[in-house]
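Engineer: 3D model of this:
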Amino acid sequence: MLSRTARLAALRRTFSTQAGSGYSRRSLPLLVAVGATGIAAAVALSPPLYAEILEKGDVPSKRSLKGTTAASPSKGKDELDTFVWGSNKSHTISPSDSYDSKLPAPLSKLSGAGTALRDLAFHEKHAACVDASGNVYQWGDGFFSDASSTDGPVLTLMGKNIVKVCLSNSKVYALSKTGRIYALSARKADQAVTSETPAGEVSWWNPVSWVWPAKSTVDFIEVLPDSKLERGESQMGLGAAFILQYVTVPTEVVLSRAYPTGTTTECTNIAAGGDMVYFTTENTKTIPGQSPNITVDLLAAGMGQFGSLGNNMYTQSQASPVRVRNVSGLKEYDEATKTTRPLVPKAVSASPTNHAAVVIGSVDNSGQPTGDVMLWGCNTDYQLGLGRRSNAAVPAPLPVEPFVGGFDVDPTWGRLLTRERKVSVVRDLEGNTVGKNKTVEQTVVAGWGCTAVYWKVTP
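Structural biologist: The predicted structure follows:
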């Protein structure tokens with residue numbers, strides 16, 4: 001039987017970060033949160049600490065998912081397609097193919113009648129999703145430990161009502177609807193449950209036992225990455241005067257500095273990935289005798305070498321948040337109220353490889369919710385969906401042509417507009433019925449050298 005010291009050493013090796021091909025740099029894990037008052041805080045852990053809470057019995061026997069062979073866009077009103085494009089070096093966006101996808105194409109094994117997902121994430125060599133039942137599926141060369149794997153998603157974590165997954169090089173972190181976090185290996189071979197498997201649980205809302213070692217029944221594992229952030233990219237937005245390389249305690253990011261005096265600024269959302277962080281802010285300017293002027297902006301800070309700041313510049317290091325062009329300060333006319341209203345980013349996704357995607361919420365002429373998909377940043381693997389490899393320093397809409405043929409897609413739009421609709425039956429990836437007459441909406445996710453648009457269902 002292995003001693004505790006030997007088990008910890010083995011787990012540290014499991015957590016170690018391997019240098020990825022094509023991306024020679026690594027950034028420290030960035031944890032961000034928005035409080036009830038709208039104040040943004042950021043903390044980088046060095047060395048990062050995580051709670052390993054893999055319980056015995058959480059990982060069931062593996063069952064491969066049998067996907068359909070059809071690869072053409074669906075047309076039925078209940079058909080839900082997941083479109084993917086970009087790097088497929090590790091068979092993450094198309095397990096059965098070995099080539100990169102320059103333009104969006106449907107991923108058949110995550111598509112079908114009523115097949116909606118709760119979440120979807122891509123890392124360098126493995127991917128994971130949460131189906132409508134809250135079960136976790138994994139796939140990719142890194143998961144199967146096979147550089148030529150063609151198997152589709154495999155059910156790994158079930159019965160925990162998962163709503164979101166976050167991937168690292170060696171782990172999958174899953175957040176449940178009740179606020180619990182589960183961690184499991186990114187490798188199928190490491191998921192066998194034995195008498196030596198650490199066990200325990202921890203609540204998301206207990207920062208002491210989750211982030212820092214404390215008295216707890218949970219085994220805490222210290223993560224020691226192979227590489228460190230050698231030069232500061234200021235990806236926390238704390239300003240140029242803040243010169244500490246590591247921020248070990250939550251620190252307020254004062255976003256009001258980006259606006260004139262008299263403007264009330266509230267942070268409503270944060271997205272972080274790679275060397276970048278994005279803040280969604282709602283800003284109210286009050287002038288005596290006039291109605292308040294409300295605008296919504298997307299601010300960015302970090303390493304803009306590939307254009308991921310979205311301000312039409314390729315700045316190496318941006319310490320103070322700047323406005324992202326084409327998606328900030330937008331307004332539309334509301335026929336019902338005869339006034340203008342701000343257009344709000346419904347979803348912001350930042351990839352580990354410095355490209356970003358956002359859905360700008362709006363309504364169509366019939367009053368149905370819709371949204372523009374905008375992408376920018378690094379494009380070395382065609383992840384911007386433009387069919388070419390040039391980087392983009394300002395957000396640009398996603399062309400609609402690859403999506404024509406899907407449900408309610410109009411080729412005259414010229415750009416992709418996400419939709420929200422009700423389907424008669426929602427099914428999980430095993431084909432089981434999860435709900436009837438449920439509302440689903442399209443959303444976008446920026447992954448490792450790739451991007452996806454999928455139908456999301458809210459549990």
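
Engineer: all strands for the stretch 251-400 of the chain, in order.
Structural biologist: 251-253, 263-273, 276-285, 293-302, 318-323, 331-334, 339-342, 345-350, 355-363, 369-377, 392-397 (DSSP state E, counting those that start in this stretch).

Engineer: List the neighbouring strands of the fifth one plus their orientation.
Structural biologist: For strand 318-323, the paired strands and their directions (DSSP bridges) read strand 293-302 (antiparallel).

Engineer: Next: the second one.
Structural biologist: Partner strands and pairing direction for strand 263-273 (DSSP bridges) are strand 276-285 (antiparallel).

Engineer: which residues of this protein score low on pLDDT?
Structural biologist: Of all residues in the chain, those with pLDDT under 70 make up the ranges 1-77, 147-148, 192-246, 248, 365, 405-408.

Engineer: For it, which strand extends over the most residues?
Structural biologist: Across the chain, the longest stretch assigned as strand under DSSP state E is strand 433-447.

Engineer: can I get the strands of the stretch 251-400 of the chain in JSON lines with mean neighbour count and distance to Thr433?
Structural biologist: Bear in mind the C-beta positions are built from the backbone N, C-alpha and C, glycine included. Below are the strands of the stretch 251-400 of the chain laid out as JSON lines (neighbours: other CB atoms under 10 Å; distance: least, CB to CB, whole Å):
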{"stretch": "strand 251-253", "mean neighbour count": "17", "distance to Thr433": "44"}
{"stretch": "strand 263-273", "mean neighbour count": "19", "distance to Thr433": "32"}
{"stretch": "strand 276-285", "mean neighbour count": "22", "distance to Thr433": "35"}
{"stretch": "strand 293-302", "mean neighbour count": "23", "distance to Thr433": "38"}
{"stretch": "strand 318-323", "mean neighbour count": "21", "distance to Thr433": "45"}
{"stretch": "strand 331-334", "mean neighbour count": "12", "distance to Thr433": "38"}
{"stretch": "strand 339-342", "mean neighbour count": "14", "distance to Thr433": "38"}
{"stretch": "strand 345-350", "mean neighbour count": "23", "distance to Thr433": "27"}
{"stretch": "strand 355-363", "mean neighbour count": "25", "distance to Thr433": "28"}
{"stretch": "strand 369-377", "mean neighbour count": "24", "distance to Thr433": "25"}
{"stretch": "strand 392-397", "mean neighbour count": "19", "distance to Thr433": "36"}
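
Engineer: out of these, nearest to Asn432?
Structural biologist: strand 345-350 (26.8 Å; CB to CB).

Engineer: Tell me the strands beside the closest one, with direction?
Structural biologist: strand 355-363 (antiparallel).

Engineer: about what we covered before: and the next helix or strand along the chain from the longest strand of the chain, what does it pack onto?
Structural biologist: Going down the chain from strand 433-447, the next helix or strand is strand 450-457, by DSSP states H and E. If you count contacts as 3 or more CB pairs under 8 Å, 6 or more residues apart in numbering; DSSP states H and E, strand 450-457 packs onto strand 83-86, strand 117-122, strand 433-447.

Engineer: The longest strand of the chain: which residues count as buried?
Structural biologist: In terms of neighbour count (16 or more other CB atoms under 10 Å), strand 433-447 has its buried residues at Val434, Gly435, Lys438, Val440, Glu441, Gln442, Thr443, Val444, Val445, Ala446, Gly447.
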